[in-house]
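Chemist: next come a sequence and a model predicted from it.
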Amino acid sequence: FISALGQVGYRGEAMASNWIAGRAFSHFYNLHSDAQIGLVDRHNYYGGGEGGTIQTQSMLVAPGSGLLSTGLSQVAGQPFSLSEWIHVFPTEWGVEGPAILGAYGMGLQGWDVSFIFQNRDSGTWSERIGRDQWDATAPQILGVFPAVARQVLRGDVKTSPVTHARKVHIPSLAKGELGFDDRADAQGDVKTSDSRTFPAAGLAMVRSMVEFTDKPEPTASFDVRPFYKDGRVVSSTGELRWGYGEGKGWIEIDTAGTQAVVGFAAGREIRLGDVSITPRTPFCAVYVSARGKDESLPGAKSALITAVARARNSGMKVLGPLLLDAGKPPVVLEPVVAEVDLRRPGA
């Protein structure tokens, strides 16, 4: 089929499917089929709620969880795309989605494509969040995009020079031989992946690939221990750190052009290369970005400071995991209180 497309002059990307099929053997048969066609594409969502309940846990609690775990389907030698993703209303941690996928997905993992879902908006901010449960222009999501876009397009976060490959020999699958354990689960649009051989947390450390081999080859177990330092998971590049503990978590982005802290880091002084950020708001994102396309923070003429926390509709009432009242327009934003110290030469 792909050969026939080429013969009639088509030169674009081809994509077979964005779905998953079971786990282990069926999953890798399906993934191999997708990789034979071309770009490997997946969808994933996080949060939402049924019967008035809210997903109260942030993805930051567990490194590599949620949307980022989709990266365990990245295949060596093929582009990788996450063409649908979003935090589903009424989940309140929306700002973490662009932050994690921008730094770890498009950065450390070297993904090629990211499309947030969806865009039935009027070309501006949502007047009321939750009008559509997939709300790309909700301010707690879209508000961080200018900072993340600068970071991604400028290539601030480097792709990991270290790659772990899970090796799959297709003929061996018919014999019931895989060579490593694999766990995948799909509850509707929400999908989770993990493995003892290469745990999802490894996505916060090094680049992950599935490699289809011509002959059976062993898959080495990945040793996560060297990447745990001072209560953080540190990437192979040293530019990303994922803090965890006490049922909460946060990420630190420390590059020449973008320095940021996102998540539950209230009261912690996060010392980065040229900036120190001490958030006071319980959950928030604070970015300091060089504004120029080719600038870094030490020499930037000016810097963009982005501060985003949670958003609610006026009169919206939340009690623990319960959404009691969705509220009405306008949207109100939680104030972000933080101290930002820039270490620069001169006055």
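Modeler: Done, it's in. Everything quoted here is computed from the prediction, not taken from an experiment.
Chemist: what's the lengthiest helix in the chain packed up against?
Modeler: Criterion DSSP state H: the longest helix present in the chain is helix 24-37. Under the contact criterion of 3 or more Cβ pairs under 8 Å, 6 or more residues apart in numbering; DSSP states H and E, helix 24-37 touches strand 40-43, helix 170-173, strand 207-212. C-beta: built from backbone N, CA, C; applies to glycine.
Chemist: flag every buried residue along the second one.
Modeler: Applying a neighbour-count criterion of 16 or more other Cβ atoms under 10 Å, one finds 172-173 buried in helix 170-173.
Chemist: pull the distance from it to the chain's centre.
Modeler: 31 Å (Cα atoms, centre = their mean, to the nearest Å).
Chemist: please export the C-alpha coordinates of that helix as CSV.
Modeler: Coordinates of each C-alpha in helix 170-173 appear next as CSV, following Å, rounded to 0.1, in the frame of the first residue of the first chain:
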residue,chain,number,x,y,z
ILE,A,170,8.0,-10.6,15.6
PRO,A,171,8.3,-14.3,14.6
SER,A,172,9.0,-15.1,18.3
LEU,A,173,5.7,-13.7,19.3
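Chemist: what about the nearest residue to Ala303 once chain neighbours are set aside, how many neighbours?
Modeler: Spatial nearest neighbour of Ala303, chain neighbours left out: Val288 (5.5 Å); criterion: Cβ to Cβ, 6 or more residues apart in numbering. Val288 has 26 neighbours, counted by other Cβ atoms under 10 Å.
Chemist: ok, Val288 - contacts?
Modeler: 258-260, 275, 277, 297, 303-305, 340, 342 (Cβ atoms under 8 Å, 6 or more residues apart in numbering).
Chemist: try Val210
Modeler: With contacts defined as Cβ under 8 Å, 6+ apart, Val210 is in contact with 28, 31, 72-76, 165-166, 168.
Chemist: quote the end-to-end distance of stretch 123-136.
Modeler: 11 Å (Cα to Cα, to the nearest Å).
Chemist: begin at 29 from here
Modeler: Yes, from this point I'll number from 29; that puts the last item at stretch 151-164.
Chemist: pull out the buried positions in it.
Modeler: 154, 156-158, 160-164.
Chemist: got it, and stretch 202-211?
Modeler: Using 16+ other Cβ under 10 Å as the test for burial, stretch 202-211 gives 206-208, 210.
Chemist: check the gap between Ala214 and Gly374 for me.
Modeler: 55 Å (Cβ to Cβ, to the nearest Å).
Chemist: should've said Gly135
Modeler: 31 Å.
Chemist: these two - which one has more neighbours?
Modeler: Legend: neighbour count by other Cβ under 10 Å for Gly135 and Gly374, higher for Gly135 (26 against 3).
Chemist: got the phi/psi numbers for Pro167?
Modeler: phi -60, psi -30 (degrees, to the nearest 10).
Chemist: correct me, but it touches Glu362?
Modeler: No. With contact defined as Cβ atoms under 8 Å, Pro167 does not reach Glu362; the gap is 10.4 Å.
Chemist: residues that sit against both of these two, list them.
Modeler: Contacts common to Pro167 and Glu362, judged by Cβ under 8 Å, 6+ apart, are Ala339.
Chemist: which of these two has more neighbours?
Modeler: Applying other Cβ under 10 Å to Pro167 and Glu362 shows that Pro167 carries more neighbours, namely 19 against 16.
Chemist: low-confidence ranges in the stretch 79-228 of the chain?
Modeler: 79-81, 212, 217, 222 (pLDDT under 70).
Chemist: keep only those of the buried residues of stretch 202-211 that are in strands.
Modeler: Using DSSP state E, no member of the buried residues of stretch 202-211 falls in strands.
Chemist: and which of these is nearest Ile144?
Modeler: For the buried residues of stretch 202-211, the closest approach to Ile144 (Cβ to Cβ) belongs to Asp210, at 27.6 Å.
Chemist: which ones are touching that closest one?
Modeler: 51-52, 55-56, 194, 221, 223, 225.
Chemist: what of Gly295?
Modeler: Contact partners of Gly295, counting by Cβ under 8 Å, 6+ apart, are 306-308.
Chemist: got a markdown table for the contacts of Val316, with neighbour count and secondary structure too?
Modeler: Shown next, in a markdown table, are the contacts of Val316 (neighbours: other Cβ atoms under 10 Å; DSSP: H, G, I helix; E, B strand; the rest coil):
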| residue | neighbour count | secondary structure |
| --- | --- | --- |
| Thr286 | 29 | strand |
| Gln287 | 29 | strand |
| Ala288 | 27 | strand |
| Val303 | 23 | strand |
| Ile305 | 25 | strand |
| Leu325 | 23 | helix |
| Ala331 | 20 | strand |
| Leu332 | 14 | strand |
| Ile333 | 15 | strand |
| Val368 | 17 | strand |
| Leu370 | 15 | strand |
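Chemist: adding pLDDT, write those out as JSON lines.
Modeler: Shown next, in JSON lines, are these (pLDDT from 0 to 100):
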{"residue": "Thr286", "pLDDT": "98"}
{"residue": "Gln287", "pLDDT": "98"}
{"residue": "Ala288", "pLDDT": "98"}
{"residue": "Val303", "pLDDT": "97"}
{"residue": "Ile305", "pLDDT": "98"}
{"residue": "Leu325", "pLDDT": "95"}
{"residue": "Ala331", "pLDDT": "95"}
{"residue": "Leu332", "pLDDT": "97"}
{"residue": "Ile333", "pLDDT": "98"}
{"residue": "Val368", "pLDDT": "97"}
{"residue": "Leu370", "pLDDT": "93"}
